[in-house]
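Undergrad: Kindly generate the corresponding structure for this input.
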Amino acid sequence: MKLLLSLAVVLLLGAAQGRAQAVSVITFDQLDSLTQSTGDTLVIFNFWATWCTPCIAEMPAFDSLHRAYTGRKVRVVFVSLDFISQLEKRVIPFAGKRKFAPPIVLLNAPDPNSWIDRISPAWSGSIPATLVVNNAKNIRNFYEREFTFDELQSIIQPLMEDR
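TA: Predicted structure coming up:
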């Protein structure tokens, strides 16, 4: 529970913003708790992997979005779907080289069939995929596609307006 609270503080409050990111390993239950505890912050969970070319291509757009909304209630979290065995060889070096502002977590949930529908019943399992959540505004939107910065802006801006 203490790990989950610490992780939530870093992810949702942006405590690690602007520093080189470490990669935290989380379980699906921890990720699910994070998606349920966004409060009034709009949190964008981007699912990716180091072997996914479209995922890597869109990550700078998510990083730019995160930076553009600094000081506002918008956060991006990169959720790596790489195998746990790739943490040291691929994910940590990738994170160290790119130095993205959003936190990076590696989801240690080896059976995707047990949790994909809990993210979204519409998810076929393909990546890149993105979940946009704001529990206070009852927002939970899922996208199974690649984004540009302008496309991200076009879906985020209306969600920032008072409902």
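Undergrad: For this protein, which segments are assigned as strands?
TA: Applying DSSP state E to the chain gives strands spanning 23-26, 42-48, 74-80, 104-107, 129-134, 139-143.
Undergrad: pLDDT averaged over the first one, what's the number?
TA: Strand 23-26 comes out with an average pLDDT of 96.
Undergrad: CA atoms of it as PDB?
TA: The C-alpha coordinates for strand 23-26 follow below in PDB (Å, rounded to 0.1, in the frame of the first residue of the first chain):
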ATOM      1  CA  VAL A  23      11.100   3.200 -14.300                       C
ATOM      2  CA  SER A  24       8.800   1.800 -11.600                       C
ATOM      3  CA  VAL A  25       7.400  -1.700 -11.900                       C
ATOM      4  CA  ILE A  26       3.700  -2.000 -11.100                       C
END
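Undergrad: residues in contact with it?
TA: 7, 10, 34, 80, 84, 87, 91-92, 95, 103-108 (CB atoms under 8 Å, 6 or more residues apart in numbering). The C-beta positions use only the backbone N, C-alpha and C, and glycine is treated the same way.
Undergrad: Pull out the buried positions in stretch 61-71.
TA: For stretch 61-71, burial by neighbour count (16 or more other CB atoms under 10 Å) applies to 61, 62, 63, 64, 65, 66, 69.
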